[in-house]
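Asks: Generate a structure from the sequence data that follows.
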Amino acid sequence: MHQEHVFTRQQVLALGADEALIRRMLRRREWSVIHPGVMVDHTGVPSRIQREWAAVLYYSPAALAGPAALARHGVRSGRDGVRTEPGIDIAVDRGRRVRALPGVRITRISDFDAHVLPNLSPPRLRLEHVVLDLAGAAADDLEAVAILADACRSRRTTGVRLLTALEQRPRLRRRRFISRVLADVSAGTNSVLEWLFVTQVERPHRLPVAKRQRAMTQRHGAGYRDVEYLAWGVVVELDGRIGHELALDRWDDLDRDVDAALDGNITVRLGWRQVEEPCRTASALGRILAARGWAGTPAICSPGCDLWSSTATG
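Replies: Residues are numbered from 1 along each chain as shown. Here you go, the predicted structure:
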């Protein structure tokens with residue numbers, strides 16, 4: 001059943017049954033009630049997807065929103081994205097008055113029909129609006145960046161599509177910040193660490209603008225290079241994902257470094273510690289690029305920039 005064996009009283013009656021049948025099935029414990037007027041065809045604990053369907057049907061017309069919708073769209077959540085939460089978010093039209101249910105959070109939205117995909121199972125908000133809602137409600141800016149980057153990294157949406165949806169959301173929290181982040185995401189920024197590298201290391205110190213997430217064919221298969229200064233043959237790989245310290249990841253990293261060297265490039269690997277010391281990292285990259293022919297020099301980013309002292313001591 002496309003509703004995961006969850007159904008409403010109205011659906012049963014529309015099939016030609018009567019109230020007596022419903023009472024009999026409930027009395028025999030072949031069906032059980034999840035919400036008033038919403039049932040499932042067993043008496044065990046409803047699964048997560050069954051509870052999502054039950055909430056959508058109870059509030060119909062309604063749609064999944066929040067983390068539940070993000071997951072049903074196939075975008076992962078967790079450390080690098082939105083936090084997993086036990087409750088279920090349901091979107092309804094702003095003009096409706098509905099009663100809250102335990103474990104269900106109600107989001108009221110304008111222009112409901114334009115924002116919902118009713119033919120999906122279960123119905124849910126369009127991915128771009130789910131992502132923008134979660135980014136706007138994030139606990140801090142870095143979590144917002146993670147949500148935006150993870151959504152684009154999933155290949156299920158793009159920075160351009162998110163920017164288009166953002167134009168329809170003039171009152172979204174963090175709107176200006178999200179717009180700036182999406183401009184970077186559209187240019188190839190693919191994670192929180194990459195965004196911090198652009199905004200804290202490369203841009204304020206006026207390093208050359210790199211090519212980001214360039215597709216390539218490696219000797220060990222297809223892949224992408226995080227940051228590549230093509231004119232000088234310098235590749236920067238940013239290792240910020242949890243689990244990236246595992247042995248297999250290390251071998252993959254080494255393979256990529258070997259491939260880069262065989263192509264005449266050098267690879268610099270940066271982690272959180274290096275990006276969190278942006279002036280020192282900018283100084284080191286500036287020296288590497290200069291050794292490869294870059295005629296420029298890194299700029300001082302602010303009155304407190306320790307670029308030159310780090311150059312002398314690094």
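Asks: Domain map for the chain?
Replies: Annotated domains of the chain cover 1-58, 60-186, 192-313 [automatic domain parsing].
Asks: any idea which of those domains is most buried?
Replies: Sort the domains of the chain by mean neighbour count, taking mean count of other CB atoms under 10 Å, and domain 60-186 sits at the top with a mean of 18. Just so you know, the C-beta spots here come from the backbone N, C-alpha and C atoms, and that holds for glycine as well.
Asks: So for that domain, first residue to last residue, what's the gap.
Replies: End-to-end span of domain 60-186 (CA to CA, to the nearest Å): 36 Å.
Asks: any idea which helix or strand carries Asp184?
Replies: helix 175-186 (DSSP states H and E).
Asks: so where's this protein shaky on pLDDT?
Replies: The model of the chain has pLDDT under 70 over residues 1, 77-85, 217-223, 240-262, 308-314.
Asks: can you give me the strands for it?
Replies: With DSSP state E as the criterion, the chain has strands at 6-8, 32-35, 38-40, 63-65, 88-93, 104-109, 116-117, 124-125, 211-218, 221-229, 234-238, 266-270.
Asks: Let's have these in TSV, adding distance to Asp141.
Replies: Converted to TSV, these look like this (distance: least, CB to CB, whole Å):
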stretch	distance to Asp141
strand 6-8	38
strand 32-35	37
strand 38-40	39
strand 63-65	22
strand 88-93	22
strand 104-109	22
strand 116-117	29
strand 124-125	23
strand 211-218	20
strand 221-229	21
strand 234-238	18
strand 266-270	20
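Asks: Tell me which of those sits nearest to Phe177.
Replies: Smallest distance to Phe177 across the strands of the chain (CB to CB): 19.8 Å, for strand 211-218.
Asks: Give me the distance from the closest one to the chain's centre.
Replies: The chain centroid and the centroid of strand 211-218 are separated by 21 Å, computed with CA atoms, centre = their mean, to the nearest Å.
Asks: where do the helices sit along the stretch 51-200 of the chain?
Replies: Listed in chain order, the helices of the stretch 51-200 of the chain (DSSP state H, counting those that start in this stretch) span 66-72, 112-115, 127-136, 141-153, 159-166, 175-186, 192-196.
Asks: I'd like to know which elements the third one is packed against.
Replies: Here helix 127-136 touches helix 66-72, helix 141-153, helix 159-166, helix 175-186, going by 3 or more CB pairs under 8 Å, 6 or more residues apart in numbering; DSSP states H and E.
Asks: Residues in contact with the last one: which ones?
Replies: So that's helix 175-186. 132, 135-136, 141, 144-145, 148-149, 152, 158-160, 162-163, 166, 169, 172, 189, 195, 198-199 (CB atoms under 8 Å, 6 or more residues apart in numbering).
Asks: could you list every residue that touches the closest residue to Ala210 other than its chain neighbours?
Replies: Nearest residue to Ala210 in three dimensions, chain neighbours excluded: Val227, at 4.5 Å (CB to CB, 6 or more residues apart in numbering). Going by CB under 8 Å, 6+ apart, Val227 touches 194, 197, 202, 210-212, 235-238.
Asks: roughly how far apart are Arg174 and His2?
Replies: Distance, Arg174 to His2, using CB to CB, to the nearest Å: 36 Å.
Asks: One more: Arg225?
Replies: 42 Å.
Asks: same question, Val198
Replies: As judged by CB to CB, Val198 and His2 stand 44 Å apart.
Asks: swap in Ala65?
Replies: Distance from Ala65 to His2, counting by CB to CB: 20 Å.
Asks: Over to Val185?
Replies: 34 Å.
Asks: And Ser32, by the same measure?
Replies: In terms of CB to CB, Ser32 sits 20 Å off from His2.
Asks: what do you get for Gly293?
Replies: 61 Å.
Asks: got it, and Gly44?
Replies: Where His2 is concerned, Gly44 sits at a distance of 20 Å (CB to CB).
Asks: Name the residues linked to the closest residue to Val268 other than its chain neighbours by a beta bridge.
Replies: Nearest non-adjacent residue to Val268, counting by CB to CB, 6+ apart: Val236, 5.1 Å away. Taking DSSP bridges as the rule, Val236 bridges to Val227, Val268.
Asks: In this structure Val236 contacts Gln213, no?
Replies: No. Between Val236 and Gln213 there is no contact under CB atoms under 8 Å: 11.9 Å.
Asks: what's the overlap in contacts for the two?
Replies: Asp226.
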